[in-house]
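> Next input, structure requested:
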Amino acid sequence: MQKGADVLERSCLPAGKVFIKEGEENARAYMVQVGEIVSFKMDGDRKIEVERLGPGSIVGERHLAMDEPAIISYEAVEATTVVVITRQEFQKLLTKSDKRIKTVLNYALEKIRAYERQSMTKAVKNAEMDETTHALVQGLLKGISDDKKKQYEDAILPHVNGMVKALKDVKKKD
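Got it, this is the predicted structure:
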């Protein structure tokens with residue numbers, strides 16, 4: 001190892017450990033080395049899963065440059081090892097960078113912010129879908145290529161969900 005080289009801080013998270021909590025300040029990012037984590041949003045007492053992430057994924061990256069509360073929570077699904085990147089370390093490296101790098105980074109962070117909001121909105125909408133709707137749509141889309149499947153799913157899920165709920169309402173009245 002080079003003299004003076006930075007040593008990466010690692011942390012072992014037990015299954016069930018929430019390590020970034022929605023609404024709280026956070027000054028770290030985490031790169032998953034081993035294990036699996038889930039991002040989620042709370043809706044009252046209900047936990048809505050947004051995304052599952054595994055080795056190589058980085059979470060909390062926007063907190064390295066933006067001093068604002070977390071808008072989503074992250075929890076270890078299983079025993080997980082992460083590399084911890086602190087805001088202080090990141091800012092130290094950033095001050096050595098060219099201004100163009102900072103401009104690109106700020107632009108990328110804005111895109112990340114928009115992506116996170118879009119993902120959370122979609123997860124909440126999907127959580128409100130009737131279970132029958134998901135099964136019916138998956139059956140309808142069987143055999144369609146993955147690239148087209150997502151597009152069709154987004155287009156028909158709300159309509160099929162409305163139909164399923166209406167049918168269940170009619171059944172209740174009978």
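> Could you use CA atoms for every contact and neighbour count after this?
OK.
> And this structure, split by domain according to the record?
According to automatic domain parsing, the chain comprises the domains 9-127, 131-173.
> Now tabulate those in TSV and tack on mean pLDDT and mean neighbour count.
TSV is the format used below for those (pLDDT from 0 to 100; neighbours: other C-alpha atoms under 10 Å):
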stretch	mean pLDDT	mean neighbour count
domain 9-127	90	16
domain 131-173	80	13
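> Name the surrounding residues that touch the helix or strand where residue 88 lies.
Using DSSP states H and E, residue 88 sits in helix 87-95. Helix 87-95 is contacted by residues 27, 28, 29, 63, 64, 65, 102 when judged by C-alpha atoms under 8 Å, 6 or more residues apart in numbering.
> please redo it, this time with the cut-off set to 6 Å
Residues from elsewhere that reach helix 87-95 (C-alpha atoms under 6 Å, 6 or more residues apart in numbering): 27, 28, 64.
> try stretch 115-128
Stretch 115-128 is contacted from outside by residue 50, using C-alpha under 6 Å, 6+ apart.
> Give me the distance from stretch 90-107 to the chain's centre.
Computed by C-alpha atoms, centre = their mean, to the nearest Å, the separation of stretch 90-107 from the middle of its chain amounts to 24 Å.
> Kindly report the same for stretch 143-151.
Put simply, stretch 143-151 sits 22 Å off its chain's centre (C-alpha atoms, centre = their mean).
> what's in contact with it?
Stretch 143-151 has contacts (C-alpha under 6 Å, 6+ apart) with no other residue.
> 10 Å instead?
137, 138, 140, 141, 142, 152, 155 (C-alpha atoms under 10 Å, 6 or more residues apart in numbering).
> what's the answer for stretch 156-169, then?
By C-alpha under 10 Å, 6+ apart, the surrounding residues in contact with stretch 156-169 are 125-126, 128-134, 136-138, 153, 170-172.
> Taking these together, which two end up most distant?
For these, the farthest-apart pair by C-alpha to C-alpha is 153 and 172; their separation is 27.5 Å.
> three-state assignment of residue 39?
Three-state call for residue 39 (DSSP: H, G, I helix; E, B strand; the rest coil): strand.
> Nearest to residue 56, out of the contacts of helix 87-95: which one, please.
Taking C-alpha to C-alpha as the measure, residue 56 sits nearest to residue 28 out of those, at 16.2 Å.
> so where do the strands sit in the chain?
If DSSP state E is used as the criterion, the strands of the chain fall at 9-13, 18-20, 28-34, 37-43, 46-53, 58-59, 73-76, 80-86.
> partners of the longest one, with directions?
When pairs are called by DSSP bridges, strand 46-53 turns out to pair with strand 37-43 (antiparallel).
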